[in-house]
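[1] model the following, please.
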Amino acid sequence: MKTYVLLLAAASFFAACNNADNSKKEGEGEATKITPAAPVIKEESVVYTDGKDTLNGFIAYNESTTTKRPAVLIVPEWWGLTEYPKMRARELAKLGYIAMAVDMYGKGKVAEDPKTALEYAMPWYKDPKAAQRRIEAAAAVVKGNAVTDTARLAAIGYCFGGSMVLNAAKLGSDFKGVMSFHGGLEGGVVPRKGLTKAKIFAANGEADTFVSAEQIATFKKQLDSVGAAYTFKQYPGALHAFTNPDATENGKKFNMPIAYNAAADTASWKDMQDFFKSVLK
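    So this is what the prediction gives:
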């Protein structure tokens, strides 16, 4: 009986040792989990010029890394440099870009109503080359930032801004790609073969009453005629200004057929990310 008890105790001892060794080996084989550092978004107000005009732009980027990164310009809606394009700049910064919201009107001027917004916007529709110079003045600023990869530059625009970036692309501005969110397609610029180099993405609300089927057909035909690389996509049920959360309230306030559409906003933002992964690689 004594022998049996001693053997049982020895077996228990070795089993315990083996279990301890196994647990140690399992622990040793596990990789240490490292949680990526959260982005630290740096925001800068920048003063620059276009001719005699003083402009107040807004830049955002993740300062937790010093890696050079692509730059994206943001040309605002006809309201001007409001909080909305600044919010988009911050979101782009979180995605790994350096983003600059462009001041088209000068001194950060914004419009409080559609009548004023139209007065501010019309000169740029009438003179697309002047609008191109204004956008390129902002491009020069963001290219001068130490974290910018100057070989990878893109632009996005909303409504009025969408028309402006499409025109800049047609006029030969040095962007890898431009994306228009619910922008007008009749920008007054006809693309030219060999001049229009940037890849183009036009995100349009299917229910947008400001953009007619005829305008869409002409837009596509002109780009096809010069062999331009472009994507035109319609978002079901989306009205004009579908990406801006303030659009619904503004539509009611000013009796305009505009409204926010969360599904179209999410889908078009995802499409933008895929587009930039392709053109800014």
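
[2] low-confidence ranges, the stretch 101-250 of the chain, go.
    Of all residues in the stretch 101-250 of the chain, none has pLDDT under 70.

[3] mind listing the strands for it?
    148-158, 177-181, 199-205, 230-235 (DSSP state E, counting those that start in this stretch).

[4] angle of the first one against strand 199-205?
    Taking axes from the mean of the first three to the mean of the last three C-alpha atoms, to 10 degrees, one finds that strand 148-158 is oriented at 30 degrees with respect to strand 199-205.

[5] same question, the shortest one
    Angle of strand 177-181 versus strand 199-205, following the same axes, to 10 degrees, is 10 degrees.

[6] run the chain-centre distance for strand 177-181.
    In terms of C-alpha atoms, centre = their mean, to the nearest Å, the centre of strand 177-181 is found 9 Å from the chain centre.

[7] and the longest one, by the same measure?
    The gap between where strand 148-158 is centred and where its chain is centred comes out at 9 Å by C-alpha atoms, centre = their mean.

[8] what pairs with it, and is each one parallel or antiparallel?
    strand 69-75 (parallel), strand 177-181 (parallel) (DSSP bridges).

[9] where do the helices of the stretch 1-150 of the chain begin and end?
    Shown for the stretch 1-150 of the chain, the helices assigned by DSSP state H, counting those that start in this stretch span residues 2-29, 83-94, 114-126, 128-143.

[10] which other helices and strands contact the third one?
    Applying 3 or more C-beta pairs under 8 Å, 6 or more residues apart in numbering; DSSP states H and E, one finds that helix 114-126 makes contact with helix 128-143, helix 160-170. Placement of C-beta: from N, CA and C, glycine included.

[11] state the distance from the residue positioned nearest the centre of the chain to residue 272.
    The structure's the chain has its C-alpha centroid closest to residue 92; by C-alpha atoms, centre = their mean the separation is 5.4 Å. Taking C-beta to C-beta, to the nearest Å as the measure, residue 92 falls 9 Å from residue 272.

[12] returning to that earlier point: mind listing the residues bridging to the residue nearest to the residue nearest to the centre of the chain when sequence neighbours are not counted?
    Spatially, and ignoring its direct neighbours in sequence, residue 92 is nearest to residue 99 (3.8 Å; C-beta to C-beta, 6 or more residues apart in numbering). Beta-bridge partners recorded for residue 99 (DSSP bridges): residue 60, residue 72.
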